[in-house]
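In: Here is my input; please provide its structure:
(one chain, ligands or ions: 1)
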Amino acid sequence: MDPHGTRIARLEGARLTRTITAGAITAVLVLGGLASLAAHDPIGTKLTWTRDISRVFQARCVECHTPAGRSPMPLTTYEEVVPWTSAIRLQVLTRKMPIWHAARGYGAFANDPSLSPFDIAAITTWIDAGAPRGEGPEVRAGKEASRGADRTPAARLTTVPCAEPSVAGRLLAIRPQLQDGASAGITAVLPDGRREIVAWIRDYDARHDITYWLRAPLTLPRGSRLKVEAPGVCSLTVTLAR
Ligand code: HEC
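Out: Numbers count the residues shown, from 1 in each chain. Presented below is the predicted three-dimensional model:
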């Protein structure tokens with residue numbers, strides 16, 4: 001790796017640490033705020049499954065957690081969720097669920113399922129209060145609109161090795177394939193030398209093959225390269241607009 005690249009990687013590492021710290025502080029502040037609200041006003045702020053929580057699960061969890069889904073257990077109804085509340089609490093607090101391997105602060109993605117600090121606080125506060133069901137029917141979405149490839153038929157996919165492939169066109173999405181547990185910084189190097197951070201993928205897990213859809217397509221003029229800094233086996237599938 002050239003010394004310049006090393007320096008950038010180090011800088012990015014430092015930024016990543018700061019981003020994570022800032023995120024943790026925000027979560028603590030929000031959690032603290034909601035917890036004290038709940039303690040002081042038990043009537044006004046009692047969160048329930050039917051009114052507050054089921055919509056979050058429908059939006060962020062049932063895509064995988066259905067009886068036929070690619071996860072160990074369904075989380076589509078109150079009865080299915082209740083036995084799992086302590087595991088759920090841990091998974092959402094540590095941001096392990098919903099599964100998503102792009103580090104926050106690096107690029108913005110249209111299909112990022114991550115919970116907001118507010119949703120995390122709501123779920124944990126609800127669980128700590130004994131996970132009350134509440135009145136009325138729960139939110140039961142129909143089939144979630146599927147995100148990703150099939151909503152963009154006018155796209156072409158190319159798989160490229162990671163050794164600085166040159167790519168030109170409007171970049172819509174990336175799907176990195178790395179060694180298990182590896183992290184990768186993905187940067188677009190434009191012909192004029194400018195660099196745009198596309199994503200920072202952490203802790204790659206081959207069982208969850210994720211396509212990251214850019215919130216804003218990135219125009220790569222002819223002569224651009226996608227620099228992927230990752231150890232070991234690595235390939236990158238890119239989706240470009242036709
Ligand atoms: C992209 C698919 C996907 C989404 C979305 C998802 N999960 Fe999971 N979940 C999994 C898979 C797969 C596992 C099995 C463990 C693994 O592979 O990491 C799992 C495991 C779990 C576990 C069990 C962990 C343990 O103790 O073994 C909990 C709890 C959980 N998910 C909660 C949630 C919640 C809550 C949400 C929504 C906020 C969510 N998941 C969203 C795929 C998903």
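
In: Which strand or helix spans the residue nearest to the spatial centre of the chain?
Out: Geometric centre of the chain, nearest residue: Trp100, 3.5 Å, by CA atoms, centre = their mean. Taking DSSP states H and E as the definition, one finds Trp100 inside no helix or strand.

In: so it makes contact with Cys64?
Out: No: judged on CB atoms under 8 Å, Trp100 makes no contact with Cys64 at a distance of 11.6 Å. C-beta: built from backbone N, CA, C; applies to glycine.

In: where does the chain dip in pLDDT?
Out: 1-45, 141-153 (pLDDT under 70).

In: Which residue ranges of it form helices?
Out: Ranges of helices in the chain, per DSSP state H, are 3-40, 54-60, 78-81, 85-93, 117-128.

In: Which positions within the second one qualify as buried?
Out: Using 16 or more other CB atoms under 10 Å as the burial criterion, the residues of helix 54-60 that qualify are Ser54, Val56, Phe57, Gln58, Ala59, Arg60.

In: Now narrow these to whatever sits close to the ligand.
Out: For the ligand, the contacts drawn from the buried residues of helix 54-60 by CB under 6 Å from any ligand atom are Arg60.

In: And the buried residues of helix 54-60, which is closest to the ligand?
Out: The ligand has its nearest neighbour among these in Arg60, at 4.3 Å by CB to the nearest ligand atom.

In: and Thr125, how many neighbours?
Out: Residues within reach of Thr125, counting by other CB atoms under 10 Å, total 19.

In: quick one: it and the ligand, what's the gap?
Out: Going from Thr125 to the ligand by CB to the nearest ligand atom, to the nearest Å gives 14 Å.
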